[in-house]
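>>> A predicted structure for the sequence below; I have some questions about it.
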Amino acid sequence: MGHTVIIFSGHVSEPSSKVDNMGAESYAGIFEYEFNDAVVRYFEDESNRVPGIHYEVVPASRNIGLHERVEYANRIVPDLYLEIHHDAAQAEDIERARQDGEGSPLWNEMSGFSVHYSEGNPFSEKSKTFAQLFADEMLRAGFKPNLYHADTEKMTCIDRSKGIYNRINPGGLYVLYNIKSPAAVIECGTIINPHEEKLLSLEDTRQKIAHAINRAIVRFFEIEDEDSLRSYLKY
């Protein structure tokens with residue numbers, strides 16, 4: 001069966017408002033959208049695409065703002081919506097770690113990947129399924145989950161071993177609530193961490209993340225197609 005996936009690069013390269021910004025700044029002062037684009041760029045290459053799946057790839061340079069990307073996705077109605085990000089932390093915690101230096105144990109608390117879905121999405125169970133599959137692939141590739149959001153910011157983490165967060169209000173995410181498709185926001189890693197920023201700047205790391213996304217996509221649609229076939233055979 002043919003499937004469509006939208007892969008958005010989080011944030012924009014030319015901010016037009018406080019909402020539509022360039023994202024967090026890394027430890028070295030590089031804006032987040034550049035890291036997001038570096039991962040998204042893999043899916044612009046046909047050789048990195050899974051046959052039978054249509055990829056709608058939207059880099060930050062398209063400068064599609066927060067509300068516009070929801071409208072964009074809901075016009076297409078993809079089988080899966082993904083938004084790629086890189087993570088940060090609270091300003092006071094970053095500053096404390098900076099003052100301690102690169103050897104600070106605080107950096108270990110502000111590190112790792114996470115994946116976010118929402119019960120507020122009309123396809124929340126499917127969104128959760130993708131989140132679980134992606135987390136599995138990231139763990140298999142050697143990445144560790146980010147628990148900073150759960151421990152410090154008290155976000156709802158449904159699985160600490162996998163870094164999976166249910167973004168319900170008041171900590172909800174606009175795209176997850178308003179897109180009329182299964183949807184997940186991926187935080188590939190934590191760029192305010194000097195050690196992780198270096199790792200996330202490597203092509204090898206970015207390839208591993210892109211491969212984890214693709215493997216999760218394939219597994220997600222295998223489950224979807226099996227469920228569709230079972231439903232069909234009932235009639």
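Yes, it's here. Residues are numbered from 1 along each chain as shown.
>>> For residue 188, which residues are in contact?
By CB atoms under 8 Å, 6 or more residues apart in numbering, the contact set of residue 188 is 35, 36, 39, 84, 85, 86, 87, 113, 200, 209. (Glycine included, C-beta is placed from N, CA and C.)
>>> which other helices and strands contact the longest helix anywhere in the chain?
Criterion DSSP state H: the longest helix present in the chain is helix 203-233. Contact here means 3 or more CB pairs under 8 Å, 6 or more residues apart in numbering; DSSP states H and E; on that basis helix 203-233 packs against strand 3-9, helix 32-40, strand 53-58, strand 80-87, helix 124-140, strand 183-190.
>>> how far is the shortest one from where the chain is centred?
Relative to the mean C-alpha coordinate of its chain, strand 53-58 is positioned 15 Å out (CA atoms, centre = their mean, to the nearest Å).
>>> now the angle from the next helix or strand after that strand to strand 80-87?
The first helix or strand that comes after strand 53-58 along the chain, using DSSP states H and E, is helix 66-76. Between helix 66-76 and strand 80-87, the angle comes out at 160 degrees (axes from the mean of the first three to the mean of the last three CA atoms, to 10 degrees).
>>> Check this structure and tell me which residue is nearest its centre.
residue 186 (1.1 Å; CA atoms, centre = their mean).
>>> My guess is it contacts residue 85. True?
Yes. Assessed by CB atoms under 8 Å, residue 186 is found in contact with residue 85 at 6.5 Å.
>>> count of neighbours near the residue nearest to residue 133 when sequence neighbours are not counted?
Nearest residue to residue 133, sequence neighbours excluded (CB to CB, 6 or more residues apart in numbering): residue 216, at 4.2 Å. Applying other CB atoms under 10 Å, we find 25 other residues in the vicinity of residue 216.
>>> and residue 216, how far is that from residue 38?
19 Å (CB to CB, to the nearest Å).
>>> repeat for residue 101
Using CB to CB, we find residue 101 at a distance of 27 Å from residue 38.
>>> try residue 26
Distance from residue 26 to residue 38, by CB to CB: 12 Å.
>>> quick one: secondary structure of residue 29?
Per DSSP: H, G, I helix; E, B strand; the rest coil, the secondary structure class of residue 29 is coil.
>>> which one among the contacts of residue 188 gets closest to residue 14?
Among the contacts of residue 188, residue 36 lies closest to residue 14 (CB to CB), at 14.3 Å.
>>> hang on, the closest one packs against residue 57?
No. Counting by CB under 8 Å, residue 36 stays clear of residue 57, with 11.7 Å between them.
>>> neighbour-wise, which of those two wins?
residue 36 (26 against 17).
>>> Can you name the residues that contact that one?
9, 10, 11, 23, 60, 84, 85, 86, 188.
>>> and the longest helix of the chain with strand 53-58, angle?
130 degrees.
>>> now helix 203-233, how far from the centre of its chain.
For helix 203-233, the distance to the chain centre is 15 Å (CA atoms, centre = their mean).
>>> again with stretch 186-201
Distance, centroid of stretch 186-201 to centroid of chain: 13 Å (CA atoms, centre = their mean).
>>> Now that stretch: buried residues?
186-194, 196-197, 199-201 (16 or more other CB atoms under 10 Å).
>>> hmm, which two among those residues are most spread apart?
Top of the distance list for the buried residues of stretch 186-201 (CB to CB): 186 and 194, 21.7 Å.
>>> So what's the gap between stretch 171-179 and the chain middle?
That offset, for stretch 171-179, works out to 13 Å (CA atoms, centre = their mean).
>>> May I have that stretch exported as PDB, CA atoms only?
Extracted in PDB, the C-alpha atoms of stretch 171-179 (Å, rounded to 0.1, in the frame of the first residue of the first chain):
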ATOM      1  CA  GLY A 171       2.300  21.500  28.200                       C
ATOM      2  CA  GLY A 172       0.700  20.700  24.900                       C
ATOM      3  CA  LEU A 173       2.200  21.300  21.400                       C
ATOM      4  CA  TYR A 174       0.100  23.100  18.800                       C
ATOM      5  CA  VAL A 175       1.000  20.800  15.900                       C
ATOM      6  CA  LEU A 176       0.200  17.600  17.800                       C
ATOM      7  CA  TYR A 177      -3.200  18.900  18.900                       C
ATOM      8  CA  ASN A 178      -4.300  20.300  15.500                       C
ATOM      9  CA  ILE A 179      -2.900  18.000  12.800                       C
END
